[in-house]
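**Q** Sequence first, predicted coordinates after that:
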2 protein chains.
Amino acid sequence: MRVALQARSSNKDWLACCRERGHPRAVQDGEEMVPVDELLRALESGDAETVLAAAENIHYADLAALYENLDDEQRERLLSVIGPEMATDVIAELPDGLIEEALGHFKPAQLRVLLGNLSDDDRVDVFQVVSEESQRRFFALLGPRDKELTRNLLKYEEDTAGGRMTTHVGRITADMTVKQALAVLRRDREDTETLARIFVVDAEGRLVGRVRLRDLAFNTWDTPIRGIMEEASEFILATADQEDAARTLSKYDLIVLPVVDEFHHLLGVITYDDALEILQEESTEDIEKLAAISGEQSDVAYLNTSAVEQFHRRVIWLVGLAFVSIGSGYVMFRFSGILQQAFVLALFLPMVVAAGGNSGGQAATMVIRAMALGEIGAGNALRVAWKEAQTGLYLGLSLGLAMAAFISLILPHLAVETGAGFGFIRLAVAVAVAATVQVLSATTLGALLPLFARAIKLDPAVVSSPSLASTVDVSGMLIYFTVAGALLRW
Amino acid sequence: MRVALQARSSNKDWLACCRERGHPRAVQDGEEMVPVDELLRALESGDAETVLAAAENIHYADLAALYENLDDEQRERLLSVIGPEMATDVIAELPDGLIEEALGHFKPAQLRVLLGNLSDDDRVDVFQVVSEESQRRFFALLGPRDKELTRNLLKYEEDTAGGRMTTHVGRITADMTVKQALAVLRRDREDTETLARIFVVDAEGRLVGRVRLRDLAFNTWDTPIRGIMEEASEFILATADQEDAARTLSKYDLIVLPVVDEFHHLLGVITYDDALEILQEESTEDIEKLAAISGEQSDVAYLNTSAVEQFHRRVIWLVGLAFVSIGSGYVMFRFSGILQQAFVLALFLPMVVAAGGNSGGQAATMVIRAMALGEIGAGNALRVAWKEAQTGLYLGLSLGLAMAAFISLILPHLAVETGAGFGFIRLAVAVAVAATVQVLSATTLGALLPLFARAIKLDPAVVSSPSLASTVDVSGMLIYFTVAGALLRW
């Protein structure tokens, strides 16, 4: 029996997190908390037999999560006890960064077993993340069939449909009967990732249709496949982006999406669980880019990255943006005359500047997310800009009015003086105009920048959000001092 | 034949977007672009027969996307032509906001057909999004069995596993043979959402195991189910959060996850396509909250929302944060004495302030995303804070050093004078110290704020990111003027 694990145990952080998540099993079944506990205790005491017994009761996805949270010595011990067979599934679930090290624990003979056991798409993933030297070493350990398969799959870029697909797919031909088809599928079933959809190919291996296993199960044995197959109307080219594949699976609620070459030969399939993974990765990447965090999204859990790694992913943006901000400082420095004559203006300077960053960020986020979900593209740039300009105008006017009301009605009672040759009403007008212009321009810019970035083939999320904030800081200073200078001549 | 659509056509925006996405069909098959074109042309000319013929060739997910982009008159015409039967699938795919209006196009007799045709989970979704009055009206149209089913499902909150599940699941008992099981499943198959997993229940309807359709298809007819069933070790309570259900499906690569009540009765299942939808919704929501955009994530495509709707989702945060920013202005106003004596300090004021916002935002984003992915919780608060404090120290020191180098080595050559009783070296030290303190404190605060928000049951993404920026703006001003005042006494 395999159970999805939960536990009280010595591995505090990880357990706290599992508990936190309210994972279904945790709630109701005290007994099943035992295997993880047992495993951790046995790992510490070095009791190999108990480790093995406990590991057998834990789902491999949980074993992989557990592995991530062990120290080097415990990892070594765990892998040596469970051996290459059981380790295969666990290693396939590990984050990229831990795979090479994990494989390093095995001897060549064990590696041969492990690499042979991996499903073809997982094996290609392994080859894609290890060093070139390991790649050569591992490749030499493969059997001749696996060698060719791996070589073929490695032709596709990691982030394409071809790079993600598995070739283990149920394949039959249209001239078979249900009985013949079932016989073929029964023979291949151990090797087949999913039988939820079975694909029909012609003599040249070109995709011609699909049947569902239920159609085979519920029809008489002499029914010809030709009579029950449907057209396979959704498919994707092997060279297409993996994100397109994931979106197609998601949009049409597919369990599997066939992958074909330009001659419509069936090469393999992408499955629903790949789609889930791809879409999660892409979301995390977008979120991180929006916050000026660089680099490939790491699939190592946050707590397992070091402070130094975190530092590396953030420092370039932070220092780069700081130098851009000196631009804002320069504007302030240049306009110091205005500020020195009426220091009351300082009260609203940060507000006008920040309102640009906030409204521009809102607009950029809406547009970037809509682009990521495939809702808009460069072709709609004008319509998007127009909508955001309208939104920006409403937002700017609202903010301007709110500030004007505050300055003319409340500020005079707060023991503040304008300290210069203008009254609160003129100050209110100047601040309101500056705020409106700043929000209107920042919102429009926030919407256009991602579209422009995409038009020149840059990543919208990376380019837009961090750069935007610094840009509208500078423009905000300029707008504020220009408007104040013009409207408050005293 | 149904084809996933693509097209040249009059509906420019939507088509531009489809092309942009590089949807698989668009690339390779000129002929299949015709149905959409045809449909749109026929809708304009009012040719009902051609509309119907074209609609029959279009996947319902594409028809729903097309519907979203039609004007009111075209929508009315399309629905009246395709009738309640074909409209059922289309309406189930529509964004929540369009469902009530779409149903309004049908007469009671047609609605009876349409509501009866909806799968039980889609029907509950409809009831959850329409007005109370429509709810009553629609409910009266249901057959007695559907009435009871709908009433039962409406008991669960919309965002729980129970609120998302379908009750149409393959159910057999352990004492059946393969032949009996196949007979039961064949009888129910039209009604069953998926046969990828079939669940075994006892006489009281409690979940005891599962079999795969392939196990039935590949075993002899007299095999007892008891002999081939596996334990159903993953399941979820109906009252659990839908996000937990989605994460469980994703973690264990499940096609279906059984939903049970507290007595372990099998109530229904959540399927992989629900998981995809749930996880996408949650990601979009988090991204929007991080950018200070309020309200439920709208599932209407961006281009189909009005500027006024966009305005409503952003204005509260924008104006609220603006008033917080007046706090920064007040600090600047109070410390105007220091600034007036050495206006060169203005050069680096925006930099120190912005560095806090940037580094705090990076930290908050990493923590919020890790929390959303279930990697960390309140139990790890100390470890997270410690890691971020370290990261913040490295980041702060790097920024401080970069600024010190710039001020002491480059600034003197840029025709700027400190204009006060201190030299560039002292200015460099003051700016470097202020930048380091600001980044260190903002990073730590950025990590702690989401954890604190969760501890007091607030949404980390909503509370942290927008409030953080305004908070560290104020603290940045204070830090800068305090450090400068202390180190640059002249």
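**A** Arrived safely, thanks for sending.

**Q** residue closest to the middle of chain A?
**A** A:Glu281 (2.2 Å; Cα atoms, centre = their mean).

**Q** helix or strand for it, which one?
**A** If you go by DSSP states H and E, A:Glu281 is part of helix A:272-290.

**Q** Equivalent analysis for A:Gly421, please.
**A** Using DSSP H and E, no element contains A:Gly421; it sits outside every helix and strand.

**Q** hang on, the earlier thing: return the distance of the residue nearest to the centre of chain A relative to A:Arg369.
**A** Distance of A:Glu281 to A:Arg369, computed by Cβ to Cβ, to the nearest Å: 16 Å. Every C-beta, even on glycine, is put in place using the N, C-alpha and C of the backbone.

**Q** repeat for A:Glu243
**A** 14 Å.

**Q** Look at the two and report which has more neighbours.
**A** Neighbours per residue (other Cβ atoms under 10 Å in any protein chain shown) separate A:Glu243 from A:Arg369, with A:Arg369 holding more: 25 against 20.

**Q** isn't the more buried one right up against B:Lys289?
**A** No. With contacts counted by Cβ atoms under 8 Å, A:Arg369 stays clear of B:Lys289, the gap being 11.6 Å.

**Q** Give the intersection of the neighbour lists for these two.
**A** With contacts taken as Cβ atoms under 8 Å, 6 or more residues apart in numbering or on different chains, A:Arg369 and B:Lys289 have no neighbour in common.

**Q** just the strands in chain A please.
**A** Here chain A has its strands, by DSSP state E, at A:169-173, A:194-201, A:207-212, A:236-237, A:256-260, A:266-271.

**Q** I'd like to know which elements the longest one is packed against.
**A** By that I understand strand A:194-201. strand A:169-173, helix A:178-188, strand A:207-212, helix A:213-217, strand A:256-260, strand A:266-271 (3 or more Cβ pairs under 8 Å, 6 or more residues apart in numbering or on different chains; DSSP states H and E).

**Q** and the angle from that strand to strand A:256-260?
**A** Using axes from the mean of the first three to the mean of the last three Cα atoms, to 10 degrees, the direction of strand A:194-201 lies 40 degrees away from that of strand A:256-260.

**Q** Work out the gap between strand A:194-201 and the centre of the chain.
**A** 29 Å (Cα atoms, centre = their mean, to the nearest Å).

**Q** likewise the fourth one?
**A** When C-alpha coordinates are averaged (Cα atoms, centre = their mean), strand A:236-237 and its chain have centres 22 Å apart.

**Q** Show me what it packs onto, helices and strands only.
**A** If you count contacts as 3+ Cβ pairs under 8 Å, 6+ apart, strand A:236-237 packs onto helix A:242-251, strand A:256-260, helix B:24-28.

**Q** partners of it, with directions?
**A** strand A:256-260 (parallel) (DSSP bridges).

**Q** mean confidence for the strand it pairs with?
**A** For strand A:256-260, the mean per-residue pLDDT is 95.

**Q** For chain B, see how far away the nearest residue to A:Asn57 once chain neighbours are set aside is.
**A** Nearest non-adjacent residue to A:Asn57, counting by Cβ to Cβ, 6 or more residues apart in numbering or on different chains: A:Pro35, 4.2 Å away. Going from A:Pro35 to chain B by Cβ to the nearest Cβ, to the nearest Å gives 12 Å.

**Q** again with A:Glu277
**A** 8 Å.

**Q** Just give me the neighbour total for the closest residue to that residue other than its chain neighbours.
**A** Distance criterion Cβ to Cβ, 6+ apart; nearest residue to A:Glu277, sequence neighbours excluded, is B:Ser250 at 7.6 Å. Number of residues near B:Ser250 (other Cβ under 10 Å) recorded here: 21.

**Q** How about A:Val260?
**A** 22.

**Q** Please check which residues sit opposite it as beta-bridge partners.
**A** Residues in beta-bridge contact with A:Val260 (DSSP bridges): A:Leu237, A:Leu266.

**Q** so what's it up against?
**A** A:206-207, A:235-238, A:266-267.

**Q** Kindly report the same for A:Val308.
**A** B:Tyr394.

**Q** now A:Leu182
**A** Contacts of A:Leu182 by Cβ under 8 Å, 6+ apart are A:216, A:221, B:217-218.
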